[in-house]
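Q: here is a sequence together with a model predicted from it:
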Amino acid sequence: MSSITQTTHESMYEAVLARLNTASQLINLPDSITEVLRYPQKEVKVSLPVVMDNGKIKVFEAFRVIHSTHLGPSKGGIRYAMDVNEDEVKALAAWMTFKCAVADLPYGGAKGGIKCNPRQMSESELERLSRAYAKAMKDIFGVNKDIPAPDMGTSGREMAWILDEFNKITGEDSPGVITGKPVGLGGSLGREAATGRGVMVNALQSLTKLNINPKQSTAVVQGFGNVGSHAARLLAEQGIKIIAIADASGGYYNEKGIDIHDALNYVAKNNRSLEGYSKATKITNEELLVLPTDLLVPAALQNVITQEIAKDVKCKIIVEGANGPTLPDADPILNDKGIIVVPDILANSGGVTVSYFEWVQNKMGYYWTEEEVNQKHDEKMKTAFEKVWNNAQKYKTSMRIAAYITALEKLQLGIKMKGHF
Ligand code: NAD
């Protein structure tokens, strides 16, 4: 089984700070603003004892980090994975601050995580763990305080358990305290596919800027979970030929194009894995990242585009479906090669945008059709893309630094108006 090479030598949070510093210097942001944003507002770490199916107790480490509430209640997903740690959750929380600001949402940033392997746990063990997390975070979460959502290793199912536990504790029915819920419990139509949809919209916007006809273009997508599978499907629906896909089991390449609906049917029957998919040639995840293609969509893990991979990358556009797929020292290499990198804080903001719509619908108690949700989403995403594109031209910088600049312009006003100094 091939797997992505995980680079551990660098702190993810330092990667956030490095980009924050570059963007702050370019726009001469007052030091006081940068200083405030360098530190998370709150970090919570808990130990969750859970009765496993064999009757034994296992204790899980879990985190919630609130990075900023300057522009509204904090918003951010909950990740279930073995490599969850404080540094990663801090970085992801800070990215949420910038992501919400770029997308012009009235939110700050947060993130949560539980160190566990959800694939090796039964459904009832996962339910007890999710409920234990909700109990531990009862004073942190709140419909106008801190609003979680799914991330890697979690979905509507976990959100439903957390919501139910939270509502039992508070004695109130507040569906807006969590987003990414199943539609039957107040979830929004269009939420499940929203992050992939945002990737698709950003990909189309970038192709337009380069005068490339989508129907004559190719894409490679890494990750076939929530973000990757919906992104691949939606890109294919735009006439883009998906020549390779990948998940934890490895990469799958077919220069004639992969039928994404067929691959989706395959994983649905194969424990959500592409393992054994025979309608494409098996390659490694590293080989996949350097295939010649118009679009490359890393939508699995962080730190996959290292300096070494960046040197060999042969695409025109990278749309970062995952959070933090590119290491800071790979950025200049990609920039020098003239590759457009649509950064994570813009490219994958479709999920939080529709999470915001879900929260708004929960507050109204009135629900939109999927077409309405998608239309509002696409509008917001195109506006955010244009703002970042224009800032990239104005400051003669990369889309990544331009996205931070776009976020900082908004955060600066919020922080100043609140009178923190
Ligand atoms: P997911 O758990 O649904 O899917 C993850 C995918 O990555 C799976 O296909 C898995 O097999 C694959 N993967 C895992 N290890 C791998 C490896 N070593 N090599 C190659 N592939 C591997 O997760 P997701 O929700 O799709 O999230 C993916 C990324 O997108 C994460 O970085 C997450 O933070 C980010 N993201 C998710 C959302 C969302 O709404 N779900 C929103 C914004 C950003």
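A: That came through fine. Numbering: from 1, shown residues only.
Q: the ligand contacts on the stretch 301-421 of the chain?
A: Contact residues, the stretch 301-421 of the chain versus the ligand (CB under 6 Å from any ligand atom): 301, 321-323, 348, 351. Quick note: C-beta positions are derived from backbone N, CA and C, even for glycine.
Q: okay, these in a markdown table with pLDDT next?
A: As requested, those are arranged in a markdown table below (pLDDT from 0 to 100):
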| residue | pLDDT |
| --- | --- |
| Leu301 | 90 |
| Gly321 | 98 |
| Ala322 | 96 |
| Asn323 | 92 |
| Asn348 | 97 |
| Gly351 | 97 |
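Q: check the residues you listed and tell me the two furthest apart.
A: Greatest spacing in these, by CB to CB: Leu301 and Gly351 (16.5 Å).
Q: helix or strand right after whichever strand or helix holds Cys100?
A: Assigned by DSSP states H and E, Cys100 belongs to helix 86-102. Downstream of helix 86-102, the next assigned helix or strand under DSSP H and E is strand 108-115.
Q: one step back: the more surrounded of Leu301 and Gly351?
A: Shown here are Leu301 and Gly351; by other CB atoms under 10 Å, Gly351 has more neighbours (29 against 21).
Q: C-alpha coordinates for the helix or strand in which that one is found, PDB please?
A: Element membership for Gly351, per DSSP H and E: helix 350-364. Taking Å, rounded to 0.1, in the frame of the first residue of the first chain, the C-alpha atoms of helix 350-364 are listed here in PDB:
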ATOM      1  CA  GLY A 350     -17.200  26.100   0.000                       C
ATOM      2  CA  GLY A 351     -17.900  23.800   3.000                       C
ATOM      3  CA  VAL A 352     -17.800  26.600   5.600                       C
ATOM      4  CA  THR A 353     -19.800  28.800   3.200                       C
ATOM      5  CA  VAL A 354     -22.700  26.300   3.100                       C
ATOM      6  CA  SER A 355     -22.200  25.600   6.800                       C
ATOM      7  CA  TYR A 356     -23.000  29.300   7.200                       C
ATOM      8  CA  PHE A 357     -26.100  28.900   5.100                       C
ATOM      9  CA  GLU A 358     -27.100  26.000   7.200                       C
ATOM     10  CA  TRP A 359     -26.700  28.100  10.400                       C
ATOM     11  CA  VAL A 360     -28.700  30.900   8.800                       C
ATOM     12  CA  GLN A 361     -31.500  28.500   7.800                       C
ATOM     13  CA  ASN A 362     -31.500  27.000  11.400                       C
ATOM     14  CA  LYS A 363     -31.900  30.500  12.800                       C
ATOM     15  CA  MET A 364     -34.700  31.300  10.500                       C
END
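Q: what comes into contact with that helix?
A: When contacts are defined by CB atoms under 8 Å, 6 or more residues apart in numbering, helix 350-364 is touched by residues 75-77, 96, 99-100, 103, 105-107, 143, 147, 149, 174-176, 179-181, 186-188, 190-191, 194-199, 201, 227, 367-368, 373, 376-377, 380-381.
Q: now do the strands in the stretch 301-421 of the chain.
A: Along the stretch 301-421 of the chain, counting by DSSP state E, counting those that start in this stretch, strands occupy 315-319, 340-342.
Q: grab the nearest non-local neighbour of Met96.
A: Gly109 (3.1 Å; CB to CB, 6 or more residues apart in numbering).
Q: so the one you found makes contact with Ser68?
A: Yes - under the criterion of CB atoms under 8 Å, Gly109 makes contact with Ser68 at 5.3 Å.
Q: more neighbours, the two?
A: Between Gly109 and Ser68, counted using other CB under 10 Å, Gly109 has the larger neighbour count: 32 against 26.
Q: for the more buried one, what are its contacts?
A: 66-68, 74-76, 93-100.
Q: apply 7 Å and report the result again.
A: By CB atoms under 7 Å, 6 or more residues apart in numbering, the residues touching Gly109 are 67-68, 74-76, 93-97, 100.
Q: wait, which of those is closest to Met417?
A: Ser68 (14.0 Å).
Q: need the contact list for the closest one.
A: 37, 41, 74, 97, 108-109.
Q: quick check: the two most widely separated of these?
A: Most distant of the contacts of Ser68, by CB to CB, are Leu37 and Ser74, 13.5 Å apart.
Q: thank you, goodbye.
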